[in-house]
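Q: sequence and computational prediction follow.
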Number of protein chains: 2
Amino acid sequence: MNTSNPRIGVIGTGAIGGFYGLMLARAGFEVHLLLRSEFEAVQRNGLQVDSAVHGSMQMNIAAYADAADMPACDWLLVGAKTTSNAELAPLIATVAAPQAKVVLLQNGLGVEEQLRPLLPDHLHLLGGLCFICVNREAPGVIRHQSLGAVNLGYHSGPAVDQAQRQAIVEAGAALFHAAGIDSQAMTDLAQARWQKLVWNVPYNGLSVLLRASTTPLMADTDSRALIQALMAEVVQGARACGHELPQGYAEHLFAVTQKMPDYWPSMYHDFTQQRPLELAAIYAEPLARAQAAGCELPKIQALYQALAFIDRQVASRGKPAPTTTPL
Amino acid sequence: MNTSNPRIGVIGTGAIGGFYGLMLARAGFEVHLLLRSEFEAVQRNGLQVDSAVHGSMQMNIAAYADAADMPACDWLLVGAKTTSNAELAPLIATVAAPQAKVVLLQNGLGVEEQLRPLLPDHLHLLGGLCFICVNREAPGVIRHQSLGAVNLGYHSGPAVDQAQRQAIVEAGAALFHAAGIDSQAMTDLAQARWQKLVWNVPYNGLSVLLRASTTPLMADTDSRALIQALMAEVVQGARACGHELPQGYAEHLFAVTQKMPDYWPSMYHDFTQQRPLELAAIYAEPLARAQAAGCELPKIQALYQALAFIDRQVASRGKPAPTTTPL
C-alpha cells in the first residue's frame, strides 16, 4: 500500500462518486474512474462539476470502461446504487490492492452486510454517509448545490482491534480533509447509518410520493409535521437497536434542510428515470431491524408500502426491465 | 307531509344524487332535481344512468337551476360534496317541507354536526352511507358499475324518542326498497359512518396518493398490506369512540372490493378535476375524535398529512380557486 500518495478508484461514477473523485483528483491524489454509460463522455471531455460552493471545475481524470484495465487501488469509493452492490463485488475484487479500503458511499442499512460475503477477506470495508446536495446534470456533468461532508465508519476486514479500525477510518477522513471536504471518523458505523436515515427516510420517500422537492415539502404545515414524525420514528428505531442518536439531531437536520437550496433527493431522480428505488436499504432493512428489536415504526412502514407499490408499478410499465432488481 | 307519495328533492345531482334520484323516479316517486353546471344538459336530455346492474336507463325528471323554483319536498337527498355543505344550508331550508327529512348521502364524520346549526329546527337530519360504484361520465350521464346499498341513520331533529327516530329511518329505507335498492335502517348513525370509513379511508386516499384504482391496489402485496393496516386503524378508532364494529367487517369489505370491477374512488376524480378533496370528513374528523378518545392512528395520520399536502399543492397551482375551501 502506498501511504504517501494512495491510489483512489471510484466505482460507479455518478453524482456522488464523480464529485468526490474530482475533489480528490483536484487535491493532487491519483484517481481512476470506472464508468459505464458515461465512459465516452468523460473520456472525451473529462469530468465537470458545477459547484455552488467551489465554483465550476473541470478535470481530465483517468477513465475506464472495464475494471480489468484499472491499476490496483488502495482506496475504492463505491458510489453506485445500493440496488447493484451484488453485481459490483467482482469488479471491486478486481480493482482492489491487497488490504485496500472499500468505502460504500451509500445510504441505508445492510449494504455492507450484503456485500461483505462477496468480497475477499483481505479487504477493509467501510461505510461513508454523504451529506451533500448533488446531482447528475448530463453525461460527465455534475451539479453540486450545497453541503458535502462525508462521515466514515469501519465495518469489517483485517483490522485486528478498535485502534486499528479507528486509524483506518481516520486515514480516510484525512484524505477527504486534504481535498477540502468535511469528514468525521465515526466510532460506530451502524450509528452513523441510522443518523443519516433521519434525513433519507422522510425526504427521499416523500419526494417520490408527493412529487415534491425540499422547498415545498418544508413550506407546508402537513408535510412538515409528517417529516418530523418520520424523523422521530427513525430516532426511535435507532434507539430500539441500541443507537442513541445525539440529542436534537433530528431538529438539526430539519433546520439544515430548511436552509438548503431547493433539492430533489436522489430517489426522485431514480423514480423519474424509472430506475429501481433504494427501498431495501433505506426502508425495509431499518423496519426489519427495529421490528426485530420489538419496535414498530408505523408511519415509516406505511411510507415504505406506498413506495414499494410505486416501485413495482414503474417496473411493470412497458419499459425495458432494469438490469438489477430493487429488493 | 304527503306520506302516501312523498315528494323527493335531490340537492347536488352528481353521480350519487343522480343515480338514486333516477332510481326513485323510475319507481314512481315524484322527484325534483336541483342542479348547477349540469342543469341545461339534464333539462334538455333528461338524466341517463348506464348501469351494469339495471341496464341503461334514461328519464326526464323535473330539473331546476334555482332552489326557489322547486316545490316543498318531504325528503331531501343531499349528494353534494361535504366540502360544500355550509353553502347548501339555505338551499335546503328553501326546498324543505315542514318536518322534512334531509338525508346526507355523504361519507365521513361530522357532516351532520357541521350542517345542523345552519338548518331550521323542524327538519329531521339523517345520514346515508352509500355502498356503490358510480361516477359521472358526462353532463347528465352517470355510469353505475356495481353495488348500490344505502345505510340510513337518524342524526337530529324533532323526533321525540328512539321509536320515532327509528320509524323515520325505516320509512327512508322503505323508499329505497321500493326503488329496488338495498337499504338498512341503522340504529346508530355514528357507528354506520365509522363502518363506511373502513372503506373510504384506505381506498379514497390511496387512489390519489398512488394514482391507482382498486384493481392494481388489490393486486400488490404492499398496497394490500397497507389497506388492511389502514382498515384496522379505522376499526380501532371506532372502538376508542365507543363503536364496536361487527366482527370481521374489515375483512368483509376487503373481500367485496377484491370482487368489484376496477373502480376509481370519488376522491381520485376530485383530484384529477382539481376539486378540493373531502379530507376534513374522511380523515381530519375521525383522527380528531380518535385522538380525543386517547387513540392515535399513525398510518391514517400519515396518509392524511400526505393528502393535505397534495390538496394544497393542487389548490395553489394557477387554476381558478375553487368556490369552496377544503378544510
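A: Happy to help now that I have it.
Q: outside of stretch A:265-272, which residues touch it?
A: Applying CB atoms under 8 Å, 6 or more residues apart in numbering or on different chains, the contact partners of stretch A:265-272 are A:15, A:81, A:135-136, A:200, A:203-205, A:207-208, A:211, A:213-214, A:275-278, A:282, A:310, A:314. The way it works is simple: take the backbone N, C-alpha and C, and place the C-beta from them, glycine included.
Q: from the residues you listed, keep the buried residues only.
A: A:15, A:81, A:135-136, A:200, A:203-205, A:207-208, A:213-214, A:275-278, A:282, A:310, A:314 (16 or more other CB atoms under 10 Å in any protein chain shown).
Q: out of those residues, which sit inside helices?
A: Counted as lying in helices by DSSP state H, out of these, are A:Ala15, A:Asn200, A:Tyr203, A:Asn204, A:Gly205, A:Ser207, A:Val208, A:Thr214, A:Ile310, A:Val314.
Q: in chain A, what secondary structure element scores lowest on mean pLDDT?
A: Least confident element among the helices and strands of chain A, by mean pLDDT, DSSP states H and E: helix A:85-95 (a mean of 92).
Q: other SSEs contacting it?
A: strand A:7-11, strand A:30-34, strand A:73-78, helix A:111-115 (3 or more CB pairs under 8 Å, 6 or more residues apart in numbering or on different chains; DSSP states H and E).
Q: would you turn those into JSON lines with mean neighbour count?
A: Below are the helices and strands packed on helix A:85-95 laid out as JSON lines (neighbours: other CB atoms under 10 Å in any protein chain shown):
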{"stretch": "strand A:7-11", "mean neighbour count": "27"}
{"stretch": "strand A:30-34", "mean neighbour count": "25"}
{"stretch": "strand A:73-78", "mean neighbour count": "26"}
{"stretch": "helix A:111-115", "mean neighbour count": "19"}
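Q: can I get those in JSON lines with mean pLDDT?
A: JSON lines is the format used below for the helices and strands packed on helix A:85-95 (pLDDT from 0 to 100):
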{"stretch": "strand A:7-11", "mean pLDDT": "97"}
{"stretch": "strand A:30-34", "mean pLDDT": "97"}
{"stretch": "strand A:73-78", "mean pLDDT": "98"}
{"stretch": "helix A:111-115", "mean pLDDT": "95"}
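Q: got JSON lines for those, with distance to chain B too?
A: Listed next are the helices and strands packed on helix A:85-95 as JSON lines, based on distance: least, CB to the nearest CB, whole Å:
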{"stretch": "strand A:7-11", "distance to chain B": "31"}
{"stretch": "strand A:30-34", "distance to chain B": "34"}
{"stretch": "strand A:73-78", "distance to chain B": "28"}
{"stretch": "helix A:111-115", "distance to chain B": "21"}
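Q: what's the neighbour count on the nearest residue in space to A:Leu115 that is not next to it in sequence?
A: Spatially, and ignoring its direct neighbours in sequence, A:Leu115 is nearest to A:Asn85 (4.9 Å; CB to CB, 6 or more residues apart in numbering or on different chains). For A:Asn85, the count of nearby residues is 22 (other CB atoms under 10 Å in any protein chain shown).
Q: do you know how far A:Asn85 is from A:Leu123?
A: Distance of A:Asn85 to A:Leu123, computed by CB to CB, to the nearest Å: 14 Å.
Q: next up, the contacts around the closest residue to A:Ala308 other than its chain neighbours.
A: Closest residue to A:Ala308 apart from its sequence neighbours, by CB to CB, 6+ apart: B:Asp222 at 3.9 Å. Residues in contact with B:Asp222 (CB under 8 Å, 6+ apart) are A:Tyr304, A:Gln305, A:Ala306, A:Ala308, A:Phe309, A:Arg312.
Q: equivalent analysis for A:Glu285, please.
A: A:Gly108, A:Leu109, A:Gly110.
Q: ok, back up a step: as JSON lines, the ones in helices among the buried ones among the contacts of stretch A:265-272 with distance to B:Pro286 would be great.
A: Listed next are those as JSON lines, based on distance: CB to CB, whole Å:
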{"residue": "A:Ala15", "distance to B:Pro286": "43"}
{"residue": "A:Asn200", "distance to B:Pro286": "31"}
{"residue": "A:Tyr203", "distance to B:Pro286": "28"}
{"residue": "A:Asn204", "distance to B:Pro286": "29"}
{"residue": "A:Gly205", "distance to B:Pro286": "24"}
{"residue": "A:Ser207", "distance to B:Pro286": "28"}
{"residue": "A:Val208", "distance to B:Pro286": "27"}
{"residue": "A:Thr214", "distance to B:Pro286": "30"}
{"residue": "A:Ile310", "distance to B:Pro286": "25"}
{"residue": "A:Val314", "distance to B:Pro286": "32"}
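Q: give me the low-pLDDT residue ranges for the stretch 1-150 of chain A?
A: A:1-4 (pLDDT under 70).
Q: re the thing from before, neighbour-wise, which one of the contacts of A:Glu285 leads?
A: Going by other CB under 10 Å, A:Leu109 tops the contacts of A:Glu285 with 27 neighbours.
Q: that one is in contact with A:Ala280, isn't it?
A: No - using CB atoms under 8 Å, A:Leu109 is not in contact with A:Ala280; the gap is 9.1 Å.
Q: possible to save the contacts of A:Glu285 as TSV with distance to A:His269?
A: Putting the contacts of A:Glu285 into TSV (distance: CB to CB, whole Å) gives the following:
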residue	distance to A:His269
A:Gly108	16
A:Leu109	21
A:Gly110	22
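Q: excluding chain neighbours, what is closest to the most centrally placed residue in chain A?
A: Centroid check for chain A by CA atoms, centre = their mean gives A:Gln106 as the closest residue, at 2.3 Å. Distance criterion CB to CB, 6+ apart; nearest residue to A:Gln106, sequence neighbours excluded, is A:Thr82 at 4.9 Å.
Q: the helices in the stretch 51-200 of chain A, which residues?
A: Remark: helices assigned in the stretch 51-200 of chain A by DSSP state H, counting those that start in this stretch are A:85-95, A:111-115, A:162-178, A:189-209.
Q: need the winner for burial among the ones you listed.
A: helix A:189-209 (a mean of 24; mean count of other CB atoms under 10 Å in any protein chain shown).
Q: do that helix and chain B meet?
A: Yes - shown here: helix A:189-209 in contact with chain B (CB under 8 Å from any CB of the partner chain) through A:Leu206, A:Leu209.
Q: that helix: how far from the chain's middle?
A: 11 Å (CA atoms, centre = their mean, to the nearest Å).
Q: how about the residues of chain A near chain B?
A: Going by CB under 8 Å from any CB, the residues of chain A near chain B are A:206, A:209-210, A:212, A:216-217, A:220-223, A:225-226, A:229-230, A:298-299, A:301-306, A:308-310, A:312-313.
Q: got the phi/psi numbers for A:Ala159?
A: With angles defined as degrees, to the nearest 10, A:Ala159 sits at phi -60, psi 130.
Q: how far away is the closest residue to it other than its chain neighbours from A:Leu175?
A: The shortest distance from A:Ala159 to any non-neighbouring residue, by CB to CB, 6+ apart, is to A:Arg165 (4.4 Å). Using CB to CB, we find A:Arg165 at a distance of 16 Å from A:Leu175.
Q: ok, A:Ala255 next?
A: The spacing between A:Ala255 and A:Leu175, counted by CB to CB, is 29 Å.
Q: same question for A:Ser84.
A: The value you get for A:Ser84 to A:Leu175, if CB to CB is used, is 24 Å.
Q: next: A:His32.
A: Counting by CB to CB - A:His32 and A:Leu175 are separated by 15 Å.
Q: the residue nearest to A:Leu115 contacts A:Gln114, doesn't it?
A: Yes - A:Asn85 lies in contact with A:Gln114 (CB under 8 Å); the separation is 5.6 Å.
Q: appreciated, that's everything.
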